[in-house]
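3D, please:
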Amino acid sequence: SSGINAEYGVVTLLQPHLTSESYKLHFPPDKQFSVLITQDVCPDIAHQINMSRIKENIVYCVYINQQISFDMIREKKPPGLSVHCEILPLSLEELLISYFLKDSMRRTSSQDQLKNRVTLHYGYKFDYKTNLVDLSAPLEDPIPDCVQNVISLISSHISIKPNQLTVNIYQPGQGIPKHVDTHSIFTSEILSVSLGSDVVMEFKNPDTGSVLPVLLPRRSLTVMAGEARYLWHHGITPRKTDALQDVVERGMRVSLTLRECTPEPCTCKYHSQCDSRNYGKPRYEVGGAGAAARLEQEYVSAVYEEIAGHFSGTRHSPWPGVVHFLNTLPPGSIVADVGCGNGKYLGVRGDLWALGNDNSYNLCTICRDRGHEVFACNALNIPLRRGTCDAVICIAMLHHLTTRERRLTVLHNLAQLLVPGGRGLVTVWAQEQHLDLQDQEPCRPSNTDSTEQGVGRRHFQDQDVFVDWQLKSGTEEDRKLLYRYYHVFREGELAELVQEVPHLQLSGVSYDKANWCAEFTRL
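Below is the predicted model:
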């Protein structure tokens, strides 16, 4: 485990049990654990390690016939990426670190206290809520003179004139999610100067899924241009150690991100990642019930039929808000889960009689194989007797309906299922993705960030949107890009819909993890 510190490191733990020094330690991309591979090991190593119980860290011992292949720190880099080592003298590094640590104390009220780091802005403020810069509102704090000295030192390696600086202060164990810097507001190069500590940055190609770990030494300059700037997602996995020639512990690190803001739209060729062009996505056009049904069939039903297995594999843990609602129900309650997905809420409580339905036959098959009671149907026409359920839940489904009338119809159907006094819970994605989010990055969508709890890292300019899903099939290179339709709800919209349904009384509305949630009671 990468959480074991140097004194109790995995190598230190295993060395007494190794019969030679022929071992390799690997840090898989995106993972917060390490893997040690060796062919020479004492037969009783597993027992001895498990008896050690060192600092509550877990070591898993697996015997295999074929060596696992993991990418180490390699010379290979994304096209357009260059790393220039020892670009700064030690004296300037010390001056810069001291300056920004002091400035972070001075600006405690104006700095961004993100979940994974402290961030300072100079020249222009990067808005993590919109992933944009307001060029009409320059900051009072310009790029400091000490950084202007850095720009002079690196001038032979860059082609832009930086006018915006973002400083990130990382403590050991902190990182930054993978993202692509917004195309429309920044020019052709993104510059990063590393201070204080080496770190491994990982670059991921969204088209192929391949990941390249790249070492950024302290006092180095990283230039992202071309494909590395516009296509590849970059980020730092939160962990306390990195695998170099040896295992190296991270120290406190200060990074200087220098960018040139521009009012001109991006004209790059990487359309799938470009917010200026937004190519590749379908357009939202609904002209009546027939068109709405066709859009939902193509961009909701058919997509979930195709991705059912992959989708289910990313949905493991029940959302605490839904579990809390289910835990308030009396034993023996009959619960309908409308749009049940892979059925992870159907087995939360064994003393409830839970019945699920979903429009995806393949998701229903997954539920059935898990032993749940489930049937396939469209939520617009639920074939259950009226007034038979003590509770209904509809989690992250209503936002897939393309018109207001169709969303109201589903809520009417939920109301008709309930007995008088029965209760319901509905959750939908919120257009306001940032209200309780502290660490938003200018990143593109990914499968792992889209749960019932909302995606939390998007900026929705429109309410009717298409969200992409990369379907893995076989190898990492064999991926298919699909789009799902969503209507993201503005504040107050879900409450208005519930209040329009006869015999429903709104109990409360809350915002949780980029979702609007509404509870109601059948009168």
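
From here on, just use CA atoms for contacts and neighbour counts.
Noted.

Could you tell me which residues make contact with the closest residue to residue 385 other than its chain neighbours?
Excluding the flanking residues, the one nearest residue 385 by CA to CA, 6 or more residues apart in numbering is residue 417, at 6.9 Å. Residues in contact with residue 417 (CA atoms under 8 Å, 6 or more residues apart in numbering) are 384, 385, 386, 387, 388, 389, 392.

what ranges do the strands span in the stretch 401-523 of the chain?
All strands of the stretch 401-523 of the chain, identified by DSSP state E, counting those that start in this stretch, fall at 418-429, 464-473, 475-487, 504-512, 515-522.

which stretch in the ones you listed has the least confidence?
Mean pLDDT is lowest for strand 475-487 among the strands of the stretch 401-523 of the chain, at a mean of 75.

hmm, who's touching stretch 346-363?
301, 304-305, 308-309, 312, 323, 326-327, 331-343, 364, 372-379.

Return the subset of those residues lying in strands.
Judged by DSSP state E, the subset of the contacts of stretch 346-363 located in strands is 334, 335, 336, 337, 338, 374, 375, 376.

Of all the helices and strands in this structure, which has the lowest average confidence?
Ranked by mean pLDDT, DSSP states H and E, the weakest helix or strand in the chain is helix 45-52, scoring a mean of 50.

pLDDT averaged over the following helix or strand past that helix - what is it?
Going down the chain from helix 45-52, the next helix or strand is strand 81-84, by DSSP states H and E. Across strand 81-84, pLDDT averages out at 96.

Could you identify the helix or strand that succeeds strand 81-84?
Using DSSP H and E, the first helix or strand after strand 81-84 is helix 90-106.

Any stretches of the stretch 101-250 of the chain with poor pLDDT?
By pLDDT under 70, the weakly predicted segments of the stretch 101-250 of the chain are 108-116, 244-246.

Going along the chain, name the helices of it.
Counting by DSSP state H, counting those that start in this stretch, the stretch 101-250 of the chain has helices at residues 145-153, 226-230.

What helices and strands are in contact with the first one?
Looking back up the chat, that one is helix 145-153. For helix 145-153, the contact count by 3 or more CA pairs under 8 Å, 6 or more residues apart in numbering; DSSP states H and E identifies helix 90-106 as packing neighbours.

List the contacts of the helix it packs on.
111, 118, 120, 146, 147, 167, 195, 196, 219, 254.

re earlier: need the contacts of residue 417 in JSON lines (columns: neighbour count and pLDDT).
As requested, those are exported to JSON lines (neighbours: other CA atoms under 10 Å; pLDDT from 0 to 100):
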{"residue": "384", "neighbour count": "12", "pLDDT": "96"}
{"residue": "385", "neighbour count": "10", "pLDDT": "96"}
{"residue": "386", "neighbour count": "14", "pLDDT": "96"}
{"residue": "387", "neighbour count": "15", "pLDDT": "97"}
{"residue": "388", "neighbour count": "16", "pLDDT": "97"}
{"residue": "389", "neighbour count": "25", "pLDDT": "98"}
{"residue": "392", "neighbour count": "25", "pLDDT": "98"}
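
before we move on, the earlier item: identify whichever of the strands of the stretch 401-523 of the chain lies nearest to residue 215.
strand 475-487 (22.8 Å; CA to CA).

Give the buried subset of the contacts of stretch 346-363 as a ChimeraX selection command.
To isolate the buried subset of those in ChimeraX, counting by 16 or more other CA atoms under 10 Å, use the following:
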select :301,304,305,308,312,326,333,334,335,336,337,338,339,340,341,342,343,364,372,373,374,375,376,377,379
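
Report the contact partners of residue 89.
So residue 89 contacts residue 219 (CA under 8 Å, 6+ apart).

Equivalent analysis for residue 123, please.
Counted by CA under 8 Å, 6+ apart, residue 123 has contacts 138, 139, 140, 141, 142, 143, 163, 164, 165.

Repeat the analysis, applying 6 Å as the threshold.
By CA atoms under 6 Å, 6 or more residues apart in numbering, residue 123 lies in contact with 138, 139, 142, 143, 163, 164.

Buried ones among these?
Buried among these by 16+ other CA under 10 Å: 143, 163, 164.

ok so, going back, among the contacts of helix 90-106, which ones are buried?
Counted by 16+ other CA under 10 Å, these give 118, 120, 167, 195, 196, 219, 254 as buried.

Kindly indicate which of those residues lies nearest residue 517.
Among the buried ones among the contacts of helix 90-106, and counting by CA to CA, the member closest to residue 517 is residue 118, at 30.7 Å.

Could you measure from that closest one over to residue 263?
Note on residue 118: its distance to residue 263, by CA to CA, to the nearest Å, is 27 Å.

What of residue 366?
Distance from residue 366 to residue 263, by CA to CA: 49 Å.

Repeat that for residue 485.
To residue 263, residue 485 is 30 Å away according to CA to CA.

Mind checking which of the two has more residues around it?
residue 485 (24 against 12; other CA atoms under 10 Å).

Contacts only, for the more buried one.
299, 400, 465, 466.

can you count the residues close to the third one?
In other words, residue 465. Around residue 465 there are 18 residues (other CA under 10 Å).

Quick one: neighbours of the residue nearest to it when sequence neighbours are not counted, just the number.
In this structure, residue 465 finds its nearest non-sequential neighbour in residue 486, 5.4 Å apart by CA to CA, 6+ apart. For residue 486, the neighbour count with other CA under 10 Å is 24.

Also residue 274?
22.

Just give the nearest non-adjacent residue to it, would you?
Here the residue nearest residue 274, using CA to CA, 6+ apart, is residue 183, at 5.8 Å.

Give me the phi and psi for the one you found.
phi -70, psi -40 (degrees, to the nearest 10).

Tell me the spacing between it and residue 191.
According to CA to CA, residue 183 and residue 191 sit 14 Å apart.

which regions of the stretch 351-500 of the chain sit below the pLDDT cut-off?
Those would be 434-459, 473-479, if you go by pLDDT under 70 across the stretch 351-500 of the chain.

That one: helices as residue ranges?
361-369, 404-417, 493-500.

ok, now how distant is residue 357 from residue 296?
17 Å.

That should have said residue 285, apologies.
On the measure of CA to CA, residue 285 and residue 296 end up 11 Å apart.

Please apply the same query to residue 403.
Distance from residue 403 to residue 296, by CA to CA: 10 Å.

Residue 350 now?
34 Å.

still on that earlier bit, show me the contacts of helix 90-106 that map onto strands.
Short answer: the contacts of helix 90-106 in strands (DSSP E) are 118, 120, 167, 195, 254.

Now the residues you listed in JSON lines, please, with extra columns for distance to residue 153.
Shown next, in JSON lines, are these (distance: CA to CA, whole Å):
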{"residue": "118", "distance to residue 153": "26"}
{"residue": "120", "distance to residue 153": "22"}
{"residue": "167", "distance to residue 153": "18"}
{"residue": "195", "distance to residue 153": "15"}
{"residue": "254", "distance to residue 153": "18"}
